[in-house]
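# what follows is a predicted structure for the sequence shown.
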Amino acid sequence: MARRYLGLAALVVAAASVATLAVADEAERKGVAAPPGHVFKTIISGYEFRSKETRALQDDDLENPGFLAVERAADAWKKAEGSEGKSCMSCHGEAETSMKGVGAAMPKWDDKLKKPVNLEQRINICRSEHMKAEPWKFKSRELTDMTTFVRYQSHGMPVAVKTDGPMSPWFERGKQIYYTRYGQLDLACESCHERNNGKFMRADFLSQGQTNGFPTYRLRDQRLVPLHERFEGCMFDVRAEPFKPLSDEFLALELYVAWRGIGLPVETPSVRN
């Protein structure tokens, strides 16, 4: 009986410690003021929900494992491919100049396709139409590397997607998906990232689900993970049939979630658990 009470006391102390940690961390978290009509008063990056050790790993360019992709893609940027004999540099010049701000504003409307395109799609459009090279497959190292490299050129710049004009119906579609419950667990994106962000679950803190750091290096996977793969993973976690990567559904969701993080600095390549 004494052991039982001791065990119960230990659980109470542990729970209190977690609650105290959650309160302390919440007080320390920094963010940006949300614009009028936003769902949050303060928009907070997932960086603020991570441990000091993980944040330190992200902040050190020499230690951050995501920078290996940036280095590989910097070489690929200059490499001629396809029947046109062109490289990315042939048209765009130095990425540090020409790509600055590009990643912060994606997804973006494409007049020719009459729909938004994200960074992965834009890269493959350049390859297939201008370089006459084979498009890279989603989740391939080449495409994830180049997406990381291009978005890195906007590092520190605020997320600035446009949601008006022809983007408006896509924004509303993404919003609808965000608040729709899916799967056997009957959960929506909102269930975790809006109603319960900051709470401790499965040995980690739930964040606001911001996308300003993608592609992100996940310590669990030991590799860079593109955004639509993370969307897939969330849907698998709630026991739902996920939409396909680069589908219109995930593209609309990407646009809406980017808006939820408007004003946050681009952190690519970020590091997460």
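Noted; the coordinates are in hand.

# give the contact list for Arg29.
44, 48-49 (Cβ atoms under 8 Å, 6 or more residues apart in numbering). The C-beta positions use only the backbone N, C-alpha and C, and glycine is treated the same way.

# out of these, which is nearest to Glu96?
Nearest to Glu96 among the contacts of Arg29: Glu48, at 27.7 Å, using Cβ to Cβ.

# what sits against the closest one?
Glu48 makes contact with 28-31, 207 under the criterion Cβ under 8 Å, 6+ apart.

# redo those as JSON lines? Include pLDDT and secondary structure.
Formatted as JSON lines, the contacts of Glu48 follow (pLDDT from 0 to 100; DSSP: H, G, I helix; E, B strand; the rest coil):
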{"residue": "Glu28", "pLDDT": "75", "secondary structure": "helix"}
{"residue": "Arg29", "pLDDT": "85", "secondary structure": "coil"}
{"residue": "Lys30", "pLDDT": "92", "secondary structure": "coil"}
{"residue": "Gly31", "pLDDT": "95", "secondary structure": "coil"}
{"residue": "Ser207", "pLDDT": "95", "secondary structure": "coil"}
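
# highest neighbour count among these?
Ser207 (19 neighbours; other Cβ atoms under 10 Å).

# in stretch 80-95, which residues are buried?
For stretch 80-95, a neighbour-count test (16 or more other Cβ atoms under 10 Å) marks 86-88, 92, 95 as buried.

# got it, and stretch 63-79?
Quick answer for stretch 63-79 (16+ other Cβ under 10 Å): 64, 66-67, 69-70, 72-73, 76-77.

# from the chain's centre, how far out does that stretch sit?
18 Å (Cα atoms, centre = their mean, to the nearest Å).

# contacts for that stretch, please.
56-58, 61, 87-89, 95, 141-142, 144-146, 148-150, 152, 215-217, 222, 224, 268-271.

# now that stretch: mean pLDDT?
For stretch 63-79, mean pLDDT is 98.

# keeping just the C-alphas, turn that stretch into PDB.
The C-alpha atoms that make up stretch 63-79 are tabulated as PDB, following Å, rounded to 0.1, in the frame of the first residue of the first chain:
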ATOM      1  CA  GLU A  63      26.100  22.000 -36.900                       C
ATOM      2  CA  ASN A  64      22.700  22.300 -38.500                       C
ATOM      3  CA  PRO A  65      22.500  19.100 -40.600                       C
ATOM      4  CA  GLY A  66      20.100  20.800 -43.000                       C
ATOM      5  CA  PHE A  67      22.900  22.900 -44.400                       C
ATOM      6  CA  LEU A  68      24.300  19.800 -46.100                       C
ATOM      7  CA  ALA A  69      21.400  20.100 -48.500                       C
ATOM      8  CA  VAL A  70      22.000  23.800 -49.000                       C
ATOM      9  CA  GLU A  71      25.600  23.000 -50.000                       C
ATOM     10  CA  ARG A  72      24.600  20.200 -52.400                       C
ATOM     11  CA  ALA A  73      22.000  22.400 -54.100                       C
ATOM     12  CA  ALA A  74      24.400  25.300 -54.400                       C
ATOM     13  CA  ASP A  75      26.500  23.000 -56.700                       C
ATOM     14  CA  ALA A  76      23.400  21.700 -58.500                       C
ATOM     15  CA  TRP A  77      22.300  25.400 -59.100                       C
ATOM     16  CA  LYS A  78      25.300  25.800 -61.400                       C
ATOM     17  CA  LYS A  79      25.100  22.400 -63.100                       C
END
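
# that concludes my questions; thank you for your assistance.
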